[in-house]
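S.K.: Can you look at this prediction? I've put the sequence above it.
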Amino acid sequence: MSFKVQTFNQIAERGLNRFDPVKYQVGSDQVEPDAMLLRSQNLHDCVFNKNLKAIARAGAGVNNVPVDACSKHGIVVFNTPGANANAVKELVFCALLLASRGIVDGMRFAEGLTDISDSSVLAARLEKEKKQFAGVELYGKKLGIVGLGAIGSMVAEMALALGMEVLGFDPALSVDAAWRLPNQVQRMESLQALLGQADYVSLHVPAIEQTKNLINAENIGSFKKGAVLVNFARESIVDPHAVLAALNAGGLARYVCDFPEPEFRGRKDILAMPHIGASTLEAEENCAVMAADQLRDFLENGNIKNSVNFPPVAMPRAPGTCRLTFTNDNVSGVLGHVLSVLADLQVNVVDMMNKSRGQLAYNIIDMEAEPSAELQAAVAAVEHVIAVRLI
Ligand SMILES: NC(=O)c1ccc[n+]([C@@H]2O[C@H](COP(=O)([O-])OP(=O)(O)OC[C@H]3O[C@@H](n4cnc5c(N)ncnc54)[C@H](O)[C@@H]3O)[C@@H](O)[C@H]2O)c1
Ligand SMILES: O=C(O)[C@H](O)COP(=O)(O)O
């Protein structure tokens, strides 16, 4: 059995090395791939080949993947939860400091004194002027975190360690995420309440319909005067025009983000980085390895871990068995129908598993012997079956 994996973007070598070259052809030039492995590549206009079974996003956000269309075609979409969270947390720490101290302006000023060649004259000038670059400390200030998942919870821990007070808002918090959260985080009942109290607000929500322009012209006035907004989540979550208006009016003091806009250029109150939140050696390796391992287990065994559209499914393989997997619309009777097809073909089932998520159901069936050639087509012909594999 061999598979083709088409790659997009810069995928860390350690992840690519997880694919055994005997079983896998991996690269950006693969055509009709079984799977795609990518980072921020936009797949919304991509036409998927019939052979495509899975897409792995080496990272957290899947807004660049048409997940609903993938579900319709039975394509499993994976991401790598938490694998780059530490990298983002560290850059948020940097953002808080950049927003609070005269770091950027002070360094630019010192660099710009090119006409002074005498070091004692230079030192005297810097000492005289440094009062322009004084700032405030993070200790004792309030940080409001919107979205308390993998990144938000790490940012909360970091802020508490710095002596900040932490307020959190996350109406969709999972039980696992709640367990991870330090108990000193003060739960806010609404975004409005958080914005009204925080000195710094950091956004860590996914880019979905409900979070589009989460920070907008209506609520930007709720920020404390002089507050700082930090956005290392996604561009679409903040309305840039609302931010510019609040900065111009003196409501917001600074906006630090990972998503530059043309209108941000030349402004001292905006610090915009080129989407580098996850760009560390460690995060890139973590994401690539996790994504590659998830793809391999799915392609070779049909197991599913960390999918954003399919249920988690893992079944150990009994020696000497042959595995059938199929995806179907989550309606009653499909599994029974497939089992009767197997019975008609005299196939003995050794083990099986059936799980559903939303509109989809996914099944693994281990069979005693190699089935006859017509089995795959017979299962594919069952009403509501979307995709079938024999592995
Ligand atoms: N700048 C970067 O390079 C970079 C790197 C990693 C992730 N990200 C972005 O950060 C996002 C969060 O990453 P994560 O790993 O923490 O994801 P996560 O899924 O672990 O956490 C997201 C949290 O947001 C919460 N949430 C959803 N809707 C909300 C809303 N309306 N209000 C408040 N909370 C809400 C969820 O309940 C969840 O707890 C990603 O989706 C991605 O877009 C950016
Ligand atoms: O959602 C993510 O994981 C980040 O935005 C990272 O994107 P990148 O992999 O393109 O750096």
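M.R.: Structure received. Ligands and ions are numbered 1, 2, ... in the order given.
S.K.: going forward, measure contacts between C-alpha atoms and count neighbours the same way
M.R.: Noted.
S.K.: Got the confidence number for Pro371?
M.R.: Pro371 is assigned 85 on the pLDDT scale.
S.K.: Output the set of residues of the stretch 51-200 of the chain in proximity to ligand 1.
M.R.: Contacts of the stretch 51-200 of the chain with ligand 1, taken as Cα under 6 Å from any ligand atom, map to 60-61, 81-82, 84-85, 88, 146-152, 169-173.
S.K.: Out of these, which end up buried?
M.R.: 60-61, 81-82, 84-85, 88, 146-152, 169-170 (16 or more other Cα atoms under 10 Å).
S.K.: Filter the residues of the stretch 51-200 of the chain next to ligand 1 down to the ones in strands?
M.R.: Taking DSSP state E as the definition of strands, those contribute Val146, Phe169.
S.K.: Out of the buried ones among the residues of the stretch 51-200 of the chain next to ligand 1, which sit inside helices?
M.R.: Ala85, Val88, Ala150, Ile151, Gly152 (DSSP state H).
S.K.: if I read this right, the first one contacts Ile151, doesn't it?
M.R.: Yes - the pair formed by Ala85 and Ile151 meets the contact definition of Cα atoms under 8 Å, at 4.8 Å.
S.K.: with the buried ones among the residues of the stretch 51-200 of the chain next to ligand 1 in mind, which one is nearest to Leu299?
M.R.: Pro81 (19.8 Å; Cα to Cα).
S.K.: Next, the closest one: phi, psi?
M.R.: Dihedral pair for Pro81: phi -60, psi 130, per degrees, to the nearest 10.
S.K.: Next up, the contacts around the residue nearest to Thr280 when sequence neighbours are not counted.
M.R.: In this structure, Thr280 finds its nearest non-sequential neighbour in Ala87, 6.4 Å apart by Cα to Cα, 6 or more residues apart in numbering. By Cα atoms under 8 Å, 6 or more residues apart in numbering, the residues touching Ala87 are Gly277, Ala278, Ser279, Thr280, Glu282, Ala283.
S.K.: Just the ones of those residues in helices?
M.R.: Per DSSP H, the contacts of Ala87 map to helices at Glu282, Ala283.
S.K.: List phi and psi for the nearest residue to Phe264 once chain neighbours are set aside.
M.R.: Setting aside the residues directly before and after it, Phe264 is nearest to Ile270 in space (Cα to Cα, 6+ apart), at 6.4 Å. The phi and psi values for Ile270, taken as degrees, to the nearest 10, are phi -130, psi 130.
S.K.: Surely Ile270 is in contact with Glu263?
M.R.: No - Ile270 lies out of contact with Glu263 (Cα under 8 Å); the separation is 10.0 Å.
S.K.: What secondary structure category should be reported for Ala343?
M.R.: For Ala343, the secondary-structure state derived from DSSP: H, G, I helix; E, B strand; the rest coil is helix.
S.K.: If anything else comes up later, I'll come back, but that's it for now.
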